[in-house]
Structures are given as C-alpha cells and as structure tokens.
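Trainee: The amino acid sequence is not available; the structure is as follows:
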C-alpha cells in the first residue's frame with residue numbers, strides 16, 4: 001500500500017478521511033501543536049487516530065517555530081487585519097502546513113491528505129504550501145472532492161463500526177498561541193453578536209491590575225520583570241489577561257475565495273502585545289519609519305492570510321521589519337480591567353520624546369522664534385504658489 005500522510009485534528013472530517021483512506025493507503029497521521037494543546041488533548045487525538053486505522057501518529061511541537069517564523073513578524077509589524085484581527089488561525093495554518101509536508105517528505109510519503117472543504121480559506125493555504133514544497137506528492141481531499149455533509153460522514157463511520165460523539169458543538173473553537181477563533185450561528189449572518197458564554201474565557205477578576213511588558217529590539221523578552229522566551233511570555237500574559245475577559249471581538253473580512261466572512265475571536269495576549277509594542281515604536285521610531293512600516297506590515301498580513309508565505313517578497317518584508325526594531329527596546333506598562341485594557345506609558349533609553357529638545361505645545365529649546373517663522377514660510381511656499389497661480 002502506498003504511504004499517505006494525513007493532517008489529523010481528531011475531528012469528524014479528518015477522522016472520516018483517515019478511515020476511508022486506510023482502505024487503499026498506508027495512512028500516517030500527524031498533528032501540529034502551534035499552541036493551545038494540552039498533553040491530555042494530544043493523547044486523546046493519538047488514541048482517536050489509531051481507532052481510525054492509521055499506521056502511526058505523530059504530534060509535532062511547533063510553538064517555538066510558530067513564534068520565530070511568523071508571530072515575531074506580526075508583532076514587529078503590529079499586524080491587525082482590517083485594524084481588528086491578529087491573524088490568529090490563518091497564521092497557524094501556514095506553519096502547520098509546512099511542518100506536515102516536511103514530515104511527509106521525511107518518511108517518503110507519496111500522498112498527503114487534509115480534511116478541508118471547498119468553501120474555506122484553509123484549503124488554499126494547505127494546498128499552496130504542499131504543492132510548492134513537494135510538487136511530487138499528490139494532494140487528496142475527500143471532503144472537498146465528494147462534497148460530503150456531516151451526516152454522510154457520520155453514517156459512513158457508523159457503517160464501519162466506529163461509534164463516537166460526533167455531534168457538532170454549538171460553537172467551533174480553535175485555540176493557539178496567538179489567539180482563539182470562535183465560530184457559531186451568529187457569525188454566519190451580519191447582524192448578531194456572539195453571546196458572552198461563547199468565548200472560552202469568562203470574567204474571573206474585578207478591579208484592575210498593572211502588567212509590564214519588556215521589549216528588546218522588538219521582542220517580548222520579559223513580563224513583570226521576569227525574563228523568558230517570547231512564546232512563554234505570550235502564554236503567561238494570556239493567562240493573566242484572559243481572567244479579565246480581555247481580547248474579545250468579531251472580525252469581518254474578505255476570504256481568499258472571494259466571499260465575506262465573520263469570525264469571533266479572543267486574543268488577549270496578542271492584542272495587548274501588539275498595542276504595547278506599537279506604543280513603544282511611537283516613542284522610539286522616526287516619523288518615516290512608522291509611515292513605511294505601516295503599509296509594508298499591512299501587505300505582510302494580507303499575503304500571510306492568503307497563503308503567500310513562501311513568496312520571496314515575504315522574506316524581503318521580514319528583513320525590513322527586523323531592521324526597524326534596532327531601537328525598539330524598553331518597558332511598557334498596561335492596566336488590565338474587566339473586558340478592557342489601557343496603555344499607561346513607556347520607559348526607554350531610545351525615547352525620542354526627550355525634554356531637552358523641547359516640550360510639545362509648551363517650550364522650544366532647539367530653535368528660535370525666527371527659525372520657526374522661516375520654517376513655516378518655506379513649508380507653506382508650495383501651497384501659496386498653487387493658490388496664487390490658480391485663483
């Protein structure tokens with residue numbers, strides 16, 4: 001039997017794929033942890049995979065890889081798609097696809113399968129990564145190709161003697177290092193909000209709490225003075241902030257396949273980190289650095305969302321983003337409150353808001369009144385000429 005690797009999540013779609021493909025292929029299941037998996041959940045997925053008839057199961061720990069290859073640049077760029085969404089799930093899918101195809105190549109698999117339907121973004125992300133990194137490995141997608149309904153999948157599994165609780169939960173939850181997506185009936189229409197209990201974290205704390213994020217060249221290196229790797233700091237910050245039910249919102253955007261979509265999300269650590277980092281940049285970068293970073297970061301987020309991670313332009317933008325972080329070091333103090341956070345301020349040896357050059361609106365120390373008058377006259381010269389010529 002020919003060797004096939006399946007991207008296995010343990011849900012209905014990938015379980016159907018595992019069972020149906022095991023008839024004709026030597027199936028090897030693999031899942032990729034980009035944050036959010038507990039060891040108990042990994043053990044459950046493994047147990048479930050073997051029940052579906054796979055030959056082997058492997059879980060790949062890619063949390064650190066996910067941070068180094070993607071999340072780091074999302075922070076450097078302060079990337080929030082449509083000024084809202086930190087690309088929680090779409091960013092994960094890229095790394096998951098890369099890890100899975102590299103595993104397939106390592107065991108000389110001839111085929112690779114995933115459980116995406118034909119109506120979403122993930123099919124594009126997976127297929128583009130797979131066909132780019134391993135064009136000789138054939139992609140198999142039973143759910144998409146056969147246009148299967150959930151009930152048809154359930155009936156098939158039952159006919160093979162596999163009984164499980166496949167009832168679809170009211171809300172679809174996808175948790176990772178950079179946030180959790182929440183989909184449900186309300187997100188299928190334009191007018192409804194998700195109820196509070198749909199979000200995975202509920203309000204546990206009242207009052208307020210201050211936290212300090214330390215950045216070194218743009219990287220989140222310490223939380224409340226305790227140094228750790230950025231991915232661990234993100235996880236710890238999320239544990240603290242989610243107790244205040246911070247980071248809830250609904251993203252509305254354009255899907256890769258050309259239709260509008262809505263998804264709820266909870267991303268306390270991602271939103272706090274991005275906003276804190278951006279505040280530090282406002283103090284430490286020049287006006288032109290901030291301006292050019294803004295549109296390049298927007299392109300980076302859009303290309304990532306649409307599965308274009310392997311295009312060399314992404315490495316070009318990453319190089320720019322990394323070089324922009326040379327002076328982005330310091331502490332940012334944030335106040336956490338129920339459902340809300342506020343940025344208090346920053347301390348940095350690279351703070352360009354230095355009183356020795358003057359205080360905005362109060363006192364000028366680096367120029368005279370005549371200097372100011374001359375500057376304003378020349379600055380307005382082009383507009384003056386235009387108005388006089390065309391009036």
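Mentor: That came through fine. Keep in mind that this is a model prediction, so the values were computed, not measured. Numbers count the residues shown, from 1 in each chain.
Trainee: Can you tell me the SS state at residue 35?
Mentor: coil (DSSP: H, G, I helix; E, B strand; the rest coil).
Trainee: What is the neighbour count of the spatially closest residue to it that is not a sequence neighbour?
Mentor: Sequence neighbours aside, residue 177 is the residue nearest to residue 35 in space, at 2.8 Å (criterion: CB to CB, 6 or more residues apart in numbering). Placement of C-beta: from N, CA and C, glycine included. Neighbourhood size, residue 177 [other CB atoms under 10 Å]: 25.
Trainee: What of the one 5 residues further on?
Mentor: Residues within reach of residue 182, counting by other CB under 10 Å, total 22.
Trainee: same question, residue 249
Mentor: Other residues within reach of residue 249, judged by other CB under 10 Å, total 15.
Trainee: My guess is it contacts residue 264. True?
Mentor: Yes: if you go by CB atoms under 8 Å, residue 249 and residue 264 touch, sitting 7.4 Å apart.
Trainee: circling back to that earlier point, residues in contact with the residue nearest to residue 35?
Mentor: Shown in contact with residue 177 (CB atoms under 8 Å, 6 or more residues apart in numbering): 34, 35, 36, 63, 66, 67, 71, 92, 231, 234, 235.
Trainee: can you rerun that using 6 Å?
Mentor: Residues in contact with residue 177, defined by CB atoms under 6 Å, 6 or more residues apart in numbering, are 34, 35, 63, 66.
Trainee: Residue 89 versus that one, what's the distance?
Mentor: Distance, residue 177 to residue 89, by CB to CB, to the nearest Å: 11 Å.
Trainee: same thing with residue 64?
Mentor: 19 Å.
Trainee: so residue 335 is in which element?
Mentor: strand 330-337 (DSSP states H and E).
Trainee: correct me, but residue 325 touches residue 218?
Mentor: Yes: taking contacts as CB atoms under 6 Å, residue 325 lies within contact range of residue 218: 3.2 Å.
Trainee: What about residue 292, how many residues nearby?
Mentor: Look at residue 292: counted by other CB under 10 Å, it has 14 neighbours.
Trainee: Now it: closest residue in space that isn't a chain neighbour?
Mentor: Nearest to residue 292 is residue 320, by CB to CB, 6+ apart, at 8.0 Å.
Trainee: and if you look at residue 50?
Mentor: Residue 50 sits nearest to residue 57 (CB to CB, 6+ apart), 6.5 Å away.
Trainee: next one: residue 114
Mentor: residue 7 (4.3 Å).
Trainee: and that neighbour, how many residues sit next to it?
Mentor: 26.
Trainee: Check residue 3 too.
Mentor: Using other CB under 10 Å, residue 3 has 16 other residues around it.
Trainee: again with residue 301
Mentor: 24.
Trainee: same check, this time on residue 167
Mentor: Count around residue 167 with other CB under 10 Å applied: 9.
Trainee: any idea whether it is helix, strand or coil?
Mentor: Taking three-state DSSP, the label given to residue 167 is coil.
Trainee: So which of residue 64 and residue 89 has more stuff around it?
Mentor: residue 89 (24 against 14).
Trainee: mind checking how far the more buried one is from residue 267?
Mentor: 10 Å.
Trainee: ok so, going back, could you redo the contacts of residue 177 as CSV and give each row distance to residue 260?
Mentor: Putting the contacts of residue 177 into CSV (distance: CB to CB, whole Å) gives the following:
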residue, distance to residue 260
34, 26
35, 28
63, 32
66, 28
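Trainee: from those residues, which is closest to residue 209?
Mentor: Distances from residue 209 to those, taken as CB to CB, are shortest for residue 35 (23.1 Å).
Trainee: Can you name the residues that contact that closest one?
Mentor: Residue 35 is in contact with 63, 176, 177, counting by CB under 6 Å, 6+ apart.
Trainee: picking that back up, between the contacts of residue 177, which is closest to residue 197?
Mentor: residue 35 (23.1 Å).
Trainee: before we move on, back to that, now the strand holding residue 335: buried residues?
Mentor: Residues 330, 331, 332, 333, 334, 336 are the ones in strand 330-337 that count as buried (16 or more other CB atoms under 10 Å).
Trainee: count of residues packed around residue 226?
Mentor: Neighbours around residue 226, by other CB under 10 Å: 11.
Trainee: whoops, residue 119 was the one
Mentor: 12.
Trainee: Look up how far residue 329 lies from the residue lying closest to residue 234 once chain neighbours are set aside.
Mentor: Excluding the flanking residues, the one nearest residue 234 by CB to CB, 6+ apart is residue 269, at 4.8 Å. Using CB to CB, residue 269 is found at 20 Å from residue 329.
Trainee: okay, these two: which has more neighbours?
Mentor: Between residue 269 and residue 329, counted using other CB under 10 Å, the more crowded position is residue 269 (26 against 18).
Trainee: Can you tell me the SS state at the more buried one?
Mentor: helix.
Trainee: In contact with it, which residues are there?
Mentor: 234, 237, 238.
Trainee: returning to what we had before: what's the first helix or strand after the strand holding residue 335?
Mentor: Next in line after strand 330-337, if elements are assigned by DSSP H and E, sits strand 340-347.
Trainee: now that next one and strand 330-337, what's the angle there?
Mentor: 160 degrees (axes from the mean of the first three to the mean of the last three CA atoms, to 10 degrees).
Trainee: Just give the strands next to strand 340-347 in its sheet, each with its orientation.
Mentor: strand 330-337 (antiparallel) (DSSP bridges).
Trainee: ok, now how distant is residue 363 from residue 356?
Mentor: From residue 363 to residue 356 the distance is 11 Å (CB to CB).
Trainee: ok, now residue 276?
Mentor: The gap separating residue 276 from residue 356 is 26 Å, by CB to CB.
Trainee: Between the two, tell me which one has more neighbours.
Mentor: residue 276 (27 against 7).
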